[in-house]
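1. pasting the structure only:
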């Protein structure tokens, strides 16, 4: 039985998320001290006692979710993945858990990524919306039909659940057309900007430089990457896909399909929340998907 471990992305944070780590991982203090030094602020305090407003700042959210996911994976004595994957930000957690990147370097890159994305969001207004009840091709075609604004499919989460990303006007125009095409709902998301779209190009340049200067190793098992949805254990390929992911779509549905095709029968979600477990069950109801830690 092949076991796949999956790691969540931004949006999975919750108040008091640091306390769960201390309950399950005796060495948590050691890693939190490292994290505080790397980030230059007290991430331990925020993850243990901070408000939801503090936790939802991008420069805090992404490191917090990364730290929670990686340390919870370290707490698992039976962590022996046949394959791993992470949703957006979660790809960094998956890579560290699978030995392709050190905790310290992973956190540095996540911090750079978060701050670069925030700067890109501040430079030009942009946003996102969730689309429920339409197939992928219909959403793709509607996005492509809007030629005077930027709007793209950003996250292919599971059948009937996509997220689009673009300019405020582009999202507005697409939302109208998507509803006309039969979408059950089109929900504006409370996000800082248009992630996984051309609006993240400035952040991509900054992240690319940091990634290329960082030492990566070949992970202990294949990682199925968002940008291609295919498996890789080659450090150079992994680097480029992490860079391209920032402006490319999160191909989560295809990634899960490919993992199942390659033998995954059990999916364990590691990190805050259980959103990925729900998505996987919608992608294939026959596999076992559950929260592990």
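-> Now that the structure is in, tell me what you want to look at. It should be emphasised that the depicted structure is a prediction, and the values quoted were computed from it without experimental measurement.
2. burial of residue 235, as a residue count?
-> 15 (other C-beta atoms under 10 Å). (Glycine included, C-beta is placed from N, CA and C.)
3. Show the contacting residues for it.
-> Contacts for residue 235 were tallied using C-beta atoms under 8 Å, 6 or more residues apart in numbering; they are 100, 216-218.
4. Selecting buried members of the residues you listed in ChimeraX, what would you type?
-> Applied in ChimeraX, the following selects the buried portion of these according to 16 or more other C-beta atoms under 10 Å:
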select :100,216,218
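5. I'd like the contacts of residue 235 written out as TSV, with pLDDT and secondary structure added.
-> Below are those laid out as TSV (pLDDT from 0 to 100; DSSP: H, G, I helix; E, B strand; the rest coil):
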residue	pLDDT	secondary structure
100	98	coil
216	98	coil
217	97	coil
218	97	coil
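6. of the contacts of residue 235, closest to residue 119?
-> Looking at those and their distance to residue 119, the nearest is residue 216, at 24.4 Å (C-beta to C-beta).
7. Leaving out sequence neighbours, find the closest residue to the closest one.
-> Excluding its sequence neighbours, the residue lying closest to residue 216 (C-beta to C-beta, 6 or more residues apart in numbering) is residue 235, at 4.0 Å.
8. ok, back up a step: farthest-separated two in the contacts of residue 235?
-> Farthest apart among the contacts of residue 235 by C-beta to C-beta are 216 and 218. That separation is 8.0 Å.
9. Now do the shared contacts for the two.
-> Common neighbours of residue 216 and residue 218 (C-beta under 8 Å, 6+ apart) are 100, 235.
10. Strands of this structure, residue ranges please.
-> Secondary structure of the chain (DSSP state E): strands at 2-7, 83-86, 127-132, 151-158, 161-166, 185-188, 223-224, 231-232, 264-269, 288-291.
11. Can you give me the buried ones in the last one?
-> Applying a neighbour-count criterion of 16+ other C-beta under 10 Å, the buried positions in strand 288-291 are residue 289.
12. and that strand, which strands flank it?
-> strand 264-269 (parallel) (DSSP bridges).
13. Quick check: most distant residue from the centroid of this protein.
-> Here the chain reaches farthest from its C-alpha mean at residue 180, the gap being 29.9 Å by C-alpha atoms, centre = their mean.
14. if I look at that residue, how far off is residue 25?
-> Distance of residue 180 to residue 25, computed by C-beta to C-beta, to the nearest Å: 50 Å.
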